[in-house]
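J.: sharing a sequence plus its predicted fold:
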Amino acid sequence: MPDLKKLYDSVVSGDAKTTQAITQQALAEGVDPLKLVNEHMVPAMDEVGRRFEANEYFVPELLISARAMKAALELIRPLLVARGDKPVGRVAIGTVKGDLHDIGKNLVASLLEGGGFEVIDLGVNVSPEKFIETVNTKQANIVAMSALLTTTMPSMKTTIDALKAAGVRNKVKVLIGGAPITQKYADEIGADGYSENAVGAVALAKKSVAPA
Amino acid sequence: MTSRERVLAHLAGRPVDRLPLMPITMMFACAQVGARYRDYCTDYRVLVEGQIRTAEAFGFDYVNTMSDPAREAADCGATVEYFDHQPVAIVEDQALLADKTKLAALKIPDPLGGGRMHNGIKALALYRERVGQDKIIEGWIEGPIAEAADLRGINTLMMDFFDDPVFVRDLFAFIVELELRFAGEQIKAGADLIGVGDAAASLVGPQLYDEFVWPYEKQLVDGIHALGGRVRLHICGNTRRILEGLGKLGCEVVDLDSLAPIEEARQKMGPDAVLLGNLNPVAVLRNGDPAGVTAAIAECHRQAGPRFIVGAGCEVPRDTPAANLRALCSYAHGHRP
């Protein structure tokens, strides 16, 4: 039986090779994949998020930890899907129409995945129609949008209005973030939540899907 | 005192009649002339007109050639996208150096080769003709990590620090050579000051900054000085953890974004560094009111002390109310250092 503490350590240190090797061994020996996720990988990404918030980790460290976690999830996810396990939530995430700046969005996507969410990363410059299509075809229950520019922010309202017009607004929670975004703006455009940082975004997403 | 005399005297530590005023405008300046931003980025005459109109309307002491981060990258052959009303952007999933081996064969483009860099240089020459006696003329280059992010893709570059540090150093060395050639031509064309934008430096933390970024930023600053230029360094984002390093580069002006308290910058950089900034350009300058702007910039001045230039923390947003920008400018016009 592999030392599963080393799985936690290898995710936190961003060692994708070791993470994948330990995961492979653990799965081969019959360890429950959900246990690997919930008891080792989610706590590891929580620690990565904590270190990021505490200015001990920065973007490079977060990205290599996320890469290590994804390497393990590639092995785990098919097993969870096969037995019908559901993720904490399904998030359609992207930068809004006109905005190509994605590093913040990528950090949030990584931490959401580490937090047990299924993340459908739509990339950059995402049209309202694409968000709507993802809600309908992938059953996303969270729409997470980011914008870096004051000139692309209005696409957030356009997307929310489009969700309403398509009759799917009440099926999703809309969360927004990005440098020029504020809570006031989120309230004005009818978003369900705003976070000024990546770690907060995950907490917000968890709150959004928690039973009332 | 002309604006030019004011800024040069202030940088040299000589008395001036009032605080210099040098906020960054790009899309705001374009809006003053009602042009498409695509044209501001690609036609130097539109850029020059927008900057001069803005400088005259609001009493700025300078004009600049900033428009977007993709001039050098486009001339290197990177895939870029043009928008009618937004900055030119790098298409990251087609990054020029997605394949690292391409660096070995990458040639430094001629800044006078008819491309986007040449367009920027033509702007400087036109500024020299039109406002060279009065205003400071500021050129612009990308810093080592910013340009590396443009050529390699920022997401990939961030991991390269761990995956392939040798490649990162080779890439930074190439970029320093590229940018010094560009800066050299800008100085010959009339730039009094070279603005250096190294935005991604705020994403890497102090360890990677000290180990990888600072040495190449220092080479760039020293190189610009050797060419007879002066440097205004601007790093977007939270530079709180790298303030000490920024202070040791020897830049004539350190232009801080709003997330780095200017008081801390003063403590870490010493009394002589000229600091510029740094109220929140969105929350205060765009979304606030004139009284709030005045209070905020007064506080920046108080924290920075006399070695200070008035500006926002980053680009003045396009739809900033004129009254708010006037409040910022009035503070500079009405106060000595």
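T.: Ah, there it is. These figures come from a predicted structure and were not determined experimentally.

J.: for A:Lys138, give its distance to chain B.
T.: Distance, A:Lys138 to chain B, by Cβ to the nearest Cβ, to the nearest Å: 21 Å. C-beta here means a position set from N, CA and C on the backbone, and glycine is covered the same way.

J.: how about the residue lying closest to that residue once chain neighbours are set aside, secondary structure?
T.: The shortest distance from A:Lys138 to any non-neighbouring residue, by Cβ to Cβ, 6 or more residues apart in numbering or on different chains, is to A:Ile120 (5.3 Å). Here A:Ile120 is strand, with the state taken from DSSP: H, G, I helix; E, B strand; the rest coil.

J.: wait, A:Ile120 touches A:Asn136, no?
T.: No - with contact taken as Cβ atoms under 8 Å, A:Ile120 and A:Asn136 are classed as non-touching, separated by 12.0 Å.

J.: in terms of neighbours, single out the busier of those two.
T.: Here A:Ile120 and A:Asn136 are compared on neighbour count by other Cβ atoms under 10 Å in any protein chain shown; more neighbours surround A:Ile120, at 20 against 13.

J.: OK, contacts around that one?
T.: For A:Ile120, the contacting residues are A:90-93, A:134, A:138, A:140, by Cβ atoms under 8 Å, 6 or more residues apart in numbering or on different chains.

J.: quick check: it vs B:Glu211, distance?
T.: Counting by Cβ to Cβ, to the nearest Å, the separation of A:Ile120 from B:Glu211 is 37 Å.

J.: and chain B, which residues reach chain A?
T.: B:27, B:81, B:83, B:85-86, B:89-92, B:154-155, B:158-159, B:161-162, B:203-205, B:208, B:241, B:282-283, B:286-287, B:317-319 (Cβ under 8 Å from any Cβ of the partner chain).

J.: what subset of those is buried?
T.: B:27, B:83, B:86, B:89-92, B:154-155, B:158-159, B:161-162, B:203-205, B:208, B:241, B:282-283, B:286-287, B:317-318 (16 or more other Cβ atoms under 10 Å in any protein chain shown).

J.: where does the residue of the stretch 1-150 of chain B found nearest chain A fall, phi/psi-wise?
T.: The minimum distance from the stretch 1-150 of chain B to chain A, using Cβ to the nearest Cβ, falls at B:Ala89 (4.4 Å). With angles defined as degrees, to the nearest 10, B:Ala89 sits at phi -130, psi 150.

J.: over to A:Val124?
T.: phi -110, psi 160.

J.: using PDB, write out every CA atom in the longest helix anywhere in chain A.
T.: Determined from DSSP state H, the single longest helix within chain A is helix A:59-82. The C-alpha atoms that make up helix A:59-82 are tabulated as PDB, following Å, rounded to 0.1, in the frame of the first residue of the first chain:
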ATOM      1  CA  VAL A  59       0.900  31.600  -9.600                       C
ATOM      2  CA  PRO A  60       3.700  29.200 -10.700                       C
ATOM      3  CA  GLU A  61       3.500  27.100  -7.600                       C
ATOM      4  CA  LEU A  62      -0.300  27.000  -7.900                       C
ATOM      5  CA  LEU A  63      -0.200  26.000 -11.500                       C
ATOM      6  CA  ILE A  64       2.300  23.100 -11.000                       C
ATOM      7  CA  SER A  65       0.200  21.800  -8.000                       C
ATOM      8  CA  ALA A  66      -2.900  22.000 -10.200                       C
ATOM      9  CA  ARG A  67      -1.000  20.100 -12.900                       C
ATOM     10  CA  ALA A  68      -0.100  17.400 -10.400                       C
ATOM     11  CA  MET A  69      -3.700  17.100  -9.200                       C
ATOM     12  CA  LYS A  70      -5.000  16.900 -12.800                       C
ATOM     13  CA  ALA A  71      -2.500  14.100 -13.600                       C
ATOM     14  CA  ALA A  72      -4.100  12.100 -10.800                       C
ATOM     15  CA  LEU A  73      -7.700  13.100 -11.700                       C
ATOM     16  CA  GLU A  74      -7.100  11.800 -15.300                       C
ATOM     17  CA  LEU A  75      -6.800   8.300 -13.700                       C
ATOM     18  CA  ILE A  76      -9.500   8.700 -11.200                       C
ATOM     19  CA  ARG A  77     -12.300  10.500 -13.100                       C
ATOM     20  CA  PRO A  78     -13.100   7.600 -15.400                       C
ATOM     21  CA  LEU A  79     -13.600   5.300 -12.400                       C
ATOM     22  CA  LEU A  80     -15.900   7.800 -10.700                       C
ATOM     23  CA  VAL A  81     -17.900   8.400 -13.800                       C
ATOM     24  CA  ALA A  82     -18.200   4.600 -14.400                       C
END
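
J.: residues near the closest residue to chain B within chain A, how many?
T.: Using Cβ to the nearest Cβ, A:Phe58 is the residue of chain A that sits closest to chain B, at 3.5 Å. The number of residues packed around A:Phe58, counting by other Cβ under 10 Å, is 22.

J.: restricted to strands, list the residues of chain B next to chain A.
T.: Within those, residues falling in strands by DSSP state E are B:81, B:89-90.

J.: next one: the helix or strand of chain B with the lowest mean pLDDT to chain centre, how far?
T.: Ranked by mean pLDDT, DSSP states H and E, the weakest helix or strand in chain B is strand B:89-90, scoring a mean of 92. Strand B:89-90 sits 17 Å away from the centroid of its parent chain (Cα atoms, centre = their mean, to the nearest Å).

J.: what pairs with it, parallel or antiparallel?
T.: strand B:80-81 (antiparallel) (DSSP bridges).

J.: show me what the partner strand is in contact with.
T.: Contacts for strand B:80-81 (Cβ under 8 Å, 6+ apart): A:100, B:70, B:73-74, B:88-91.

J.: what's the answer for stretch B:177-190, then?
T.: Contacts of stretch B:177-190 (Cβ under 8 Å, 6+ apart): B:65, B:72, B:76, B:108-109, B:111-112, B:117, B:120-122, B:124-125, B:127-128, B:132, B:137, B:139-144, B:147, B:191, B:194, B:196, B:220, B:223-224, B:227-229.
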